[in-house]
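Colleague: Give me the fold of what follows.
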Amino acid sequence: MFGAQEKRELLASLEKIFVPETQAAFAEELLAIANEETFFVTETVLQTLQGERLHVWFSITFPPASESYDHVLVSLLDITQRKQVEQALQQQTEDLVQANRIKDEFLAVLSHELRSPLNPILGWSKLLQTGRFDAQKTQQALAIIERNAKQQTQLIDDLLDISKILRGKLASNKAPVNLVLTIEAALETVRLAAEAKNIQIKTDFDSSFLPVLGDSGRLQQIVSNLLSNAIKFTPSDGQVEVQLKRVGSEAQLQVRDTGKGIALDFLPYVFESFRQEDGKTTRKFGGLGLGLAIVRQLVELHGGTVRAESKGEGTGATFTVRLPLLKRIRAGEMGQWDANSSLTSLPLQPLTGLRILVVDDEADMRELAVAILEQAGAIVQITASAAEALEVLTGVDRFQPALLISDIGMPDIDGYSLIQQVRALPPDQGGQIPAIALTAYASKLDQQQALQAGFQKHISKPIEPEVFIQAIVNLVGSATVQREPVLFQQDVYE
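Modeller: Residues are numbered from 1 along each chain as shown. Okay, the predicted model is just below:
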């Protein structure tokens with residue numbers, strides 16, 4: 001047990017098997033001898049003659065005082081493996097308790113964060129229905145509703161992303177990407193939030209290097225999450241610096257802020273899912289604690305690294321992302337390199353005279369689509385089911401739409417089945433009509449399934465009117481579509 005070749009060697013080196021930090025406790029046990037005890041047992045740590053530590057069950061039995069014996073019975077049992085199992089189980093128990101605590105905190109935060117935007121949305125919606133506000137107050141209320149709806153959308157998007165990450169289903173479409181344009185696009189998404197707190201954003205871009213290979217949307221999400229995090233934790237009149245430069249064969253993005261910093265004991269966990277430095281009900285900052293976890297996963301998806309630095313609370317924080325650079329761009333990919341830009345400018349009514357058939361089983365969504373499309377100049381017919389849409393396309397007095405926009409999740413016949421039936425129609429009954437899937441099924445897999453079924457475009461709900469109209473213009477712009485002659489324009493808000 002102790003690495004001795006024979007008993008004599010062990011007895012000669014007996015003092016070497018005692019570990020210094022356990023000698024005192026062991027000595028207390030041995031005091032039982034002085035108290036005329038006949039038996040004692042203990043667990044202690046000893047070590048082999050080679051220095052390897054052992055957990056040992058140790059017992060000594062003495063003969064009764066009335067009997068004259070010149071020996072005692074010493075029993076030793078190596079319980080190192082058992083102790084290791086016990087310690088592993090104890091660690092697992094502590095980890096489970098910690099995980100359950102984090103889960104409970106997260107669920108409480110999730111409930112709060114999902115409900116919070118609903119309060120101003122529902123409250124102001126009810127108040128606006130009274131019609132008691134002037135134009136200025138109405139615009140203010142609408143801005144509040146929009147801001148909270150976008151916040152709700154971001155929370156849901158984060159939950160969906162983290163769900164895909166946990167299932168290993170997070171996909172990306174990679175192409176050469178101009179990081180400067182990506183960062184500038186992300187800056188636009190946080191500019192209003194920065195201005196509201198009078199936070200100055202400084203930029204320093206080295207635009208001389210080659211592009212990175214990545215998904216432009218996911219890369220913008222990385223930058224947006226880092227910027228949003230910096231602005232969120234930086235007090236009013238603070239500063240955020242964004243630097244992009246080449247470091248060897250990598251592009252290095254740094255986001256540095258003058259905010260509250262990160263506690264040193266929390267720094268190792270800052271990129272973990274569902275972890276927040278402050279999960280109490282008295283916390284000062286909202287959110288689900290998913291943004292940085294998503295950043296790490298997206299960066300690693302692009303073959304890069306991300307790290308966080310802070311000297312502690314009140315000292316600000318710096319996040320550094322490194323992504324491998326492309327050595328060259330193939331000629332066929334140059335268009336993707338230049339296409340990483342914002343929406344093109346549209347005329348006031350870009351869909352003037354375009355006949356559109358909208359299919360959605362949700363009445364509110366149908367009304368919203370009509371409002372957006374008619375304001376852009378389109379002529380719209382709505383149906384509540386796939387069966388009604390097929391009747392419109394094949395009926396005697398046909399509407400003859402130039403574009404089909406359909407929901408996916410509908411009773412009886414879903415959007416996939418609808419477009420497959422449409423594609424089976426002859427051309428004069430709409431068999432080749434351009435079609436857009438407008439749906440809350442928003443994953444990459446859903447997008448691929450829609451395109452495979454026969455749609456030309458997939459747009460996820462909720463929709464931004466400008467993005468929606470731009471997608472229609474992009475689709476029908478290159479197609480031969482029949483537009484209705486325009487005799488007059490109708491304002492849907494009359």
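Colleague: Count the neighbours of Asp204 for me.
Modeller: 10 (other C-beta atoms under 10 Å). In short, each C-beta sits where N, CA and C put it, glycine included.
Colleague: and it, what are its bridge partners?
Modeller: Beta-bridge pairing for Asp204 (DSSP bridges): Gln243.
Colleague: can you tell me which residues contact it?
Modeller: If you count contacts by C-beta atoms under 8 Å, 6 or more residues apart in numbering, Asp204 has them with 241-245.
Colleague: Kindly report the same for Gln239.
Modeller: 199-202, 257-258.
Colleague: And Arg322, by the same measure?
Modeller: Per C-beta under 8 Å, 6+ apart, neighbours of Arg322: 247, 250-253, 304-306.
Colleague: again, but for Val380
Modeller: 356-358, 369-370, 373-374.
Colleague: circling back to that earlier point, ok, of the contacts of Asp204, which one's closest to Ala263?
Modeller: Lowest distance from Ala263 to the contacts of Asp204 (C-beta to C-beta) belongs to Glu241, with 21.9 Å.
Colleague: my read is that closest one is in a helix, agree?
Modeller: No: Glu241 sits outside any helix when classified using DSSP: H, G, I helix; E, B strand; the rest coil, being strand.
Colleague: ok, now how distant is it from Phe319?
Modeller: Look at Glu241 and Phe319: by C-beta to C-beta, to the nearest Å, they are 11 Å apart.
Colleague: between these two, who's got more neighbours?
Modeller: Neighbour count, other C-beta under 10 Å: between Glu241 and Phe319, Phe319 has more, with 24 against 17.
Colleague: Of the contacts of Gln239 - the most surrounded one?
Modeller: Busiest of the contacts of Gln239 [other C-beta under 10 Å] is Asp257, holding 27 neighbours.
Colleague: Among the contacts of Arg322, which ones are in strands?
Modeller: 247, 250-253, 305-306 (DSSP state E).
Colleague: Which stretches in the stretch 151-300 of the chain count as helices?
Modeller: Counting by DSSP state H, counting those that start in this stretch, the segments of the stretch 151-300 of the chain that form helices are 179-196, 216-233, 291-301.
Colleague: outside of stretch 303-319, which residues touch it?
Modeller: Under C-beta under 8 Å, 6+ apart, the answer for stretch 303-319 is 226, 229-230, 233-234, 250, 254-264, 267, 270-271, 292, 295-296, 299-300, 320-324.
Colleague: May I see the ChimeraX selection of the buried members of those residues?
Modeller: This is how ChimeraX selects the buried members of the contacts of stretch 303-319, with burial counted by 16 or more other C-beta atoms under 10 Å:
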select :226,229,230,233,234,250,254,255,256,257,258,259,260,261,262,267,270,271,292,295,296,299,320,321,322,323,324
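Colleague: Reformat the contacts of Arg322 as a markdown table; add distance to Ile413 and pLDDT.
Modeller: Below are the contacts of Arg322 laid out as a markdown table (distance: C-beta to C-beta, whole Å; pLDDT from 0 to 100):
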| residue | distance to Ile413 | pLDDT |
| --- | --- | --- |
| Val247 | 55 | 91 |
| Glu250 | 51 | 92 |
| Ala251 | 48 | 93 |
| Gln252 | 52 | 95 |
| Leu253 | 47 | 95 |
| Gly304 | 44 | 95 |
| Thr305 | 48 | 96 |
| Val306 | 46 | 96 |
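Colleague: Closest to Leu404 out of these?
Modeller: Gly304 (40.8 Å).
Colleague: Which neighbouring elements make contact with the helix or strand where Gln91 lies?
Modeller: Following DSSP states H and E, one finds Gln91 within helix 80-129. Packed against helix 80-129 by the contact rule (3 or more C-beta pairs under 8 Å, 6 or more residues apart in numbering; DSSP states H and E) you find strand 53-61, helix 135-166.
Colleague: hang on, the earlier thing: return the most buried member of the helices of the stretch 151-300 of the chain.
Modeller: helix 216-233 (a mean of 23; mean count of other C-beta atoms under 10 Å).
Colleague: and it with helix 179-196, angle?
Modeller: 30 degrees (axes from the mean of the first three to the mean of the last three C-alpha atoms, to 10 degrees).
Colleague: and helix 216-233, how far from the chain's centre?
Modeller: Averaging C-alpha positions (C-alpha atoms, centre = their mean, to the nearest Å) puts helix 216-233 11 Å from its chain's average.
Colleague: if we look at it, which residues are touching it?
Modeller: 172, 175, 177, 179, 182-183, 185-187, 189-190, 193-194, 197, 199, 201, 212, 240, 242, 253, 255-257, 259-260, 285, 287, 291-292, 294-295, 298-299, 301-302, 317, 319, 321, 323, 340.
Colleague: Tell me what angle it forms with helix 291-301.
Modeller: Using the same axes, to 10 degrees: helix 216-233 against helix 291-301 is 150 degrees.
Colleague: what's the average pLDDT for helix 216-233?
Modeller: The average of the pLDDT scores along helix 216-233 is 89.
Colleague: count of residues packed around Ala175?
Modeller: Using other C-beta under 10 Å: Ala175 sits among 17 other residues.
Colleague: Please apply the same query to Leu77.
Modeller: Neighbour tally, Leu77, other C-beta under 10 Å: 12.
Colleague: I'd say it and Leu54 touch.
Modeller: No: between Leu77 and Leu54 there is no contact under C-beta atoms under 8 Å: 10.1 Å.
Colleague: ok so, going back, with respect to Gln381, which of the contacts of Val380 is nearest?
Modeller: Leu357 (5.4 Å).
Colleague: who's in contact with the closest one?
Modeller: Leu357 neighbours (C-beta under 8 Å, 6+ apart): 380-383, 389, 392-393, 399, 401, 403-405.
Colleague: And it, how far from Ala369?
Modeller: 11 Å.
Colleague: now do Ile294
Modeller: Distance from Ile294 to Ala369, by C-beta to C-beta: 30 Å.
Colleague: circling back: which two in the contacts of Val380 are spaced the farthest apart?
Modeller: Greatest spatial distance among the contacts of Val380 (C-beta to C-beta): Leu357 and Glu374, at 13.6 Å.
Colleague: Now which of the contacts of Asp204 would you call buried?
Modeller: Buried, going by 16+ other C-beta under 10 Å: 241-244, out of the contacts of Asp204.
Colleague: Counting neighbours, what do you get for the nearest residue to Arg53 once chain neighbours are set aside?
Modeller: Nearest residue to Arg53, sequence neighbours excluded (C-beta to C-beta, 6 or more residues apart in numbering): Gln47, at 5.0 Å. A count of neighbours around Gln47, defined by other C-beta under 10 Å, yields 18.
Colleague: Look up phi and psi at Gln47.
Modeller: Per-residue torsions, Gln47: phi -140, psi 150 (degrees, to the nearest 10).
Colleague: list the contacts for Leu292?
Modeller: Counting by C-beta under 8 Å, 6+ apart, Leu292 touches 225, 229, 270-271, 308.
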